[in-house]
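**Q** Show me how the following folds:
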Amino acid sequence: MQGACQPLQALRGVGLRRILRGGVCDKEGGLLGLRQPFSTAPTTVETQNLASLHTSTHAHLHNLRTYHPAQRINPFPPTRWHAYCSAINTATVETVMHKPSTSFAEHYADISRIAGFEHVTPGLSLQAILETVEQAPVAISITDTRANILYVNSAFEELTGYSRDEICGQNESVLSCKTTPLELYRTLWRTIQSGKEWRGTLINRNKAGDRYLAEVTIAPVLDAQRNITNFLGMHRDISVIHNLEQQLKHQKILSDTIFDLAPAIVVLLDSNRNILMDNKAYKRLKVEFGTIEPVHLFLDALKDRLPSLDGETFDNFHDVQVRFDAPNGNECWFTLSGIHVEELDDAAKNYFALTNSGGHYLLLVATDITTRKAELERARIQHLKVQMAEQELTSSVRETLAGAIFQLETPLNVIQAALVMPPSSTEALYPVLQQVLESSYRAINAMRMAIPRAEHGTYSLVNINQVLKDLLIIATDRMLSEGVVVDWRPEPVLPAIMGNEASLRRMFNYLLDNALLALHEAGRVYRELRIHTRLHGDSLSVEITDNGIGIPPALRLKVFEPFHSGWKRGNGNVGMGLCMAQEIVNNHSGSISIDPDYPNGCRIHVNLPLKASNGGME
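**A** Predicted structure coming up:
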C-alpha cells in the first residue's frame, strides 16, 4: 500500500484543537510526527532522525527539501515496527506493535491513541473524523502555507482525476487555468494570508485538461498563537449549475427583450395594484401622461364594465374597449385584456407545498386604438354628413313644395270666396273661374303627392352629448372659416334619453344653423357660440347661445310659425327651421323657448325628459 504524507498539524481544523501537544517517534527514536510545530527549530538529532527515516526507507514519499521535517509524518511505516510516544513534559514511554491496515484512517489509529489524540470530544474518535473527511462529498485538500498539497480526499481525486500519489507534493496551481484573471488570485492570497476565509469561483483544469467551474472556499488553519500553519480548501464543480443559470439568464434577457419590444402596453400589478413590471411601451405612455399613472385610468375605466375587478373573485377579460380623457384633454381609446394569476406564498415554511397567499397578480395588456378609432370616427362622421345632406335635401324639397302650395292656396282661396258671392255683372266669368280653380287644386294635389315623406325611424337610447358633438365636428370647417369661437361644455355624466336620434339631430342642426346665421349677419369681430348641457332631476337641458343679431321681443313667438324668415340677407331658407324644431321637441314631450332676459344675442333653451313618450313620432 502506498500513499502520501499527511500532516497531523493540518487536522487541527477538523477537531484537534484541544489535543495535548506531543510527538510520535519510530523505534529508532526518529521523529514521525508532531502535534504542532516546535516553538523553536527542532534539534539536529530530531531533524536528522526524521530525515534519515524518510530518505532511507520511504524516500519516494517526499522531497525533504520542500517541507520542514518537523511538520511531516510517515503514515505508512513497514509491516512490523515498534514506536513509542513521549509526552513533552513527561518521561512516559509506551511501546506498541503496528499492524497493517487497509484504510487511510486506520493507519492513524494506533499513532493517535499513543499520542493521546483518540478522543477529541466525548463519543467522537479521531478515526471517525478522519473517515468523515475522507468520505466527504466535497473535494477537500490541505496545503502548507505555500499551497503545496499535503492531503486530498477521495472526492478530490474523483473530481480532478489525480490520485493522491500524483497530486500530493504538487502545488495547488496545477489546477489553475489561465483564463482566470490574475487579479482574482492576488485577491485570494491577500485574503487568506490575512487570516480570513475566501469564497469565490475559479476556472479549474482537471488531469485530462478539461476545464470546469469550481466554487471554492479556502480557510487558513491557525495554531494556538494564531499563526497560519496550513490552508484548508474545499471546492465543487458547479459547471452544470452555472450552465443552467446562464440559460435561465439568457431566457430572462430574451423574455425581457420581447416584453420591452412588444407593441402592446404590458404591465404587471400586485394585489394592491402596485406596478411590479412594465415595458417600454407603458413607460412611453407614462411620459405622455405626466404625473398621472396610466394604469389607474385603465382600471377606473374598467370599473363600469367589470364590477368584479375590485371583488374577491376574479375573471379574466379580453379586448374590452374603454375610453377616457388624457391629461392633455385628448380622447383616448384602448382595448384591455387581463389575466389574473394567484400570488403564492414563498415563505420557507411552504418550501414543500406552496400555498396561495390570498392575493392575485394582474397582467394587464393594453392596445392603443385611438388612431384606429379616430379613423372610424372620421368615417362615421363622413357617413353622417352624407346622411344629413340627404335629409337636408329632402327637407328642403318638402319646405319648398309646402311653401309653394301655401303661396298658391292664398289666391285660390280668394277665387273660391268670389264664386260663392251673389251673382253680378261678372256672372259670365264664373265658368272660367271655376275651371281655373279646379285646375289649380289639381296642381296643388299633385304637388302634395310629390312632397317626400318624412322618415320617422324608431325610438332608442340617445346620447345627447354625442349628438351635439357630432354636429360640432361636422360644422368645424364652417365655423373656422367664419372665425366662430365655440365654448362646448357637456355635462360629464349625462344619461341617455329615449328618442328618435335622426329627428333630434335634425332639430339641433336647425338651432345650430340659425345661431351661425345670426353670427354671420351681426358681422361682429368676436363671434362666440356656447353650447352647454345640464342634468336637472328627471330631465336634461341644452342651452345654445350666440352673440349674434338676437330676436326682438315681438318676434319671439312668431319665429316658430311656418315660413317666417327674418333674415336680412337671402340664405335660401324658407323659414321652416324653428317650426320644425318645435315640432320635433313636442314629439319628444319636451319644450323649446327663447330666453327673454338674455341681452347680448340669443339664448335658446331645450328641455327633454329622460323618459319620453314615443306616441307622437314624427
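**Q** Pretty sure E158 sits in a helix.
**A** Yes. Judged by DSSP: H, G, I helix; E, B strand; the rest coil, E158 forms part of a helix.
**Q** and it, what does it touch?
**A** A139 (Cβ atoms under 8 Å, 6 or more residues apart in numbering). Just so you know, the C-beta spots here come from the backbone N, C-alpha and C atoms, and that holds for glycine as well.
**Q** Listing request: residues of this protein with sub-threshold pLDDT.
**A** Applying pLDDT under 70 to the chain picks out residues 1-123, 307-314, 345-359, 418-429, 454-457, 563, 566-575, 612-618.
**Q** tell me which strands and helices the longest helix seen in the chain is in contact with?
**A** If you go by DSSP state H, the chain has its longest helix at helix 370-419. Helices and strands touching helix 370-419, by 3 or more Cβ pairs under 8 Å, 6 or more residues apart in numbering; DSSP states H and E, are strand 331-345, helix 430-450, helix 464-474, helix 501-522.
**Q** now for the shortest one, which elements pack on it?
**A** In this structure, helix 464-474 makes packing contacts with helix 370-419, strand 484-489, helix 501-522, strand 527-536, strand 539-546, judged by 3+ Cβ pairs under 8 Å, 6+ apart.
**Q** quick one, which of the ones you listed is nearest to N463?
**A** helix 501-522 (8.8 Å; Cβ to Cβ).
**Q** now for that closest one, which elements pack on it?
**A** Using 3+ Cβ pairs under 8 Å, 6+ apart: helix 501-522 touches helix 370-419, strand 460-462, helix 464-474, helix 476-482, strand 527-536, strand 539-546, helix 577-587, strand 602-609.
**Q** Export those to JSON lines and append columns for distance to K178.
**A** Listed next are the helices and strands packed on helix 501-522 as JSON lines, based on distance: least, Cβ to Cβ, whole Å:
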{"stretch": "helix 370-419", "distance to K178": "58"}
{"stretch": "strand 460-462", "distance to K178": "80"}
{"stretch": "helix 464-474", "distance to K178": "75"}
{"stretch": "helix 476-482", "distance to K178": "76"}
{"stretch": "strand 527-536", "distance to K178": "81"}
{"stretch": "strand 539-546", "distance to K178": "85"}
{"stretch": "helix 577-587", "distance to K178": "93"}
{"stretch": "strand 602-609", "distance to K178": "89"}
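**Q** Ok, which of the ones you listed comes nearest V216?
**A** Of all the helices and strands packed on helix 501-522, helix 370-419 sits nearest to V216, with 58.1 Å by Cβ to Cβ.
**Q** Now do that closest one against strand 331-345, angle only.
**A** 140 degrees (axes from the mean of the first three to the mean of the last three Cα atoms, to 10 degrees).
**Q** sorry, back to before: could you look over the helices and strands packed on helix 370-419 and pick the most buried one?
**A** Highest mean neighbour count among these (mean count of other Cβ atoms under 10 Å): helix 501-522, with a mean of 21.
**Q** Now that one - C-alpha only, CSV.
**A** Written as CSV, here are the backbone C-alpha positions of helix 501-522 (Å, rounded to 0.1, in the frame of the first residue of the first chain):
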residue,chain,number,x,y,z
GLU,A,501,-81.9,60.1,-32.9
ALA,A,502,-82.3,61.3,-36.5
SER,A,503,-85.0,63.7,-35.6
LEU,A,504,-83.2,65.0,-32.6
ARG,A,505,-80.0,65.5,-34.7
ARG,A,506,-82.0,67.4,-37.3
MET,A,507,-83.7,69.6,-34.6
PHE,A,508,-80.3,70.6,-33.0
ASN,A,509,-78.9,71.2,-36.5
TYR,A,510,-81.7,73.7,-37.2
LEU,A,511,-80.8,75.5,-34.0
LEU,A,512,-77.1,75.4,-34.7
ASP,A,513,-77.6,76.6,-38.2
ASN,A,514,-79.7,79.6,-37.0
ALA,A,515,-77.1,80.6,-34.5
LEU,A,516,-74.3,80.6,-37.1
LEU,A,517,-76.5,82.6,-39.5
ALA,A,518,-77.2,85.1,-36.7
LEU,A,519,-73.4,85.5,-36.0
HIS,A,520,-72.8,86.0,-39.7
GLU,A,521,-75.4,88.7,-40.1
ALA,A,522,-74.2,90.5,-37.0
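**Q** Could you check the angle that helix makes with strand 527-536?
**A** Using the same axes, to 10 degrees: helix 501-522 against strand 527-536 is 140 degrees.
**Q** gap between helix 501-522 and the chain center?
**A** Centroid displacement of helix 501-522 relative to its chain, using Cα atoms, centre = their mean, to the nearest Å, is 49 Å.
**Q** got it, and stretch 529-545?
**A** So, by Cα atoms, centre = their mean, the centroid of stretch 529-545 is 42 Å from its chain's centroid.
**Q** repeat for stretch 253-268
**A** That offset, for stretch 253-268, works out to 8 Å (Cα atoms, centre = their mean).
**Q** picking up where we left off before, figure out which of the helices and strands packed on helix 501-522 is closest to V559.
**A** It's helix 577-587; of the helices and strands packed on helix 501-522, that one is closest to V559 (Cβ to Cβ) at 5.2 Å.
**Q** Next secondary structure element downstream of the closest one?
**A** strand 591-594 (DSSP states H and E).
**Q** Paired strands for that following strand, with orientation please.
**A** Strand pairing for strand 591-594, using DSSP bridges, gives strand 602-609 (antiparallel).
**Q** Can I get the helices and strands packed on helix 370-419 in CSV including distance to Y212?
**A** Converted to CSV, these look like this (distance: least, Cβ to Cβ, whole Å):
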stretch, distance to Y212
strand 331-345, 35
helix 430-450, 100
helix 464-474, 72
helix 501-522, 78
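**Q** Can you tell me which of the ones you listed is nearest to L608?
**A** Going by Cβ to Cβ, the one of the helices and strands packed on helix 370-419 nearest L608 is helix 464-474, 7.2 Å.
**Q** Pairing partners for the one helix or strand L150 maps to, with directions?
**A** Secondary structure from DSSP H and E places L150 in strand 149-152. Here strand 149-152 is paired, per DSSP bridges, with strand 139-143 (antiparallel).
**Q** Format the CA atom coordinates belonging to the partner strand as CSV.
**A** Output of strand 139-143 as CSV, limited to C-alpha atoms (Å, rounded to 0.1, in the frame of the first residue of the first chain):
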residue,chain,number,x,y,z
ALA,A,139,-13.3,17.9,-2.7
ILE,A,140,-11.1,18.7,0.3
SER,A,141,-7.4,19.5,0.2
ILE,A,142,-4.9,20.5,2.9
THR,A,143,-1.8,22.5,1.9
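**Q** Report the distance from that strand to the chain centre.
**A** 49 Å.
**Q** Can you give me the separation between R205 and T257?
**A** Per Cβ to Cβ, to the nearest Å, R205 is found 35 Å from T257.
**Q** How about I497?
**A** 52 Å.
**Q** What of L384?
**A** From L384 to T257 the distance is 45 Å (Cβ to Cβ).
**Q** Which of those two has more residues huddled nearby?
**A** Comparing L384 with T257 by other Cβ atoms under 10 Å, the one with more neighbours is L384, at 15 against 10.
**Q** just checking, that one touches A475?
**A** No. If you go by Cβ atoms under 8 Å, L384 and A475 don't touch, sitting 11.8 Å apart.
**Q** do you know which of the helices and strands packed on helix 370-419 lies nearest E491?
**A** Smallest distance to E491 across the helices and strands packed on helix 370-419 (Cβ to Cβ): 7.0 Å, for helix 464-474.
**Q** Just want the angle from that closest one to strand 539-546.
**A** Going by the same axes, to 10 degrees, helix 464-474 makes 20 degrees with strand 539-546.
**Q** So which residues make contact with helix 464-474?
**A** Contacts of helix 464-474 (Cβ under 8 Å, 6+ apart): 381, 384-385, 388, 479, 486, 488, 490-491, 494, 496-497, 501, 504-505, 508-509, 512, 531, 533, 540, 542, 608.
**Q** distance between stretch 601-608 and the chain's centre?
**A** Taking mean C-alpha positions (Cα atoms, centre = their mean), stretch 601-608 and its chain are 50 Å apart.
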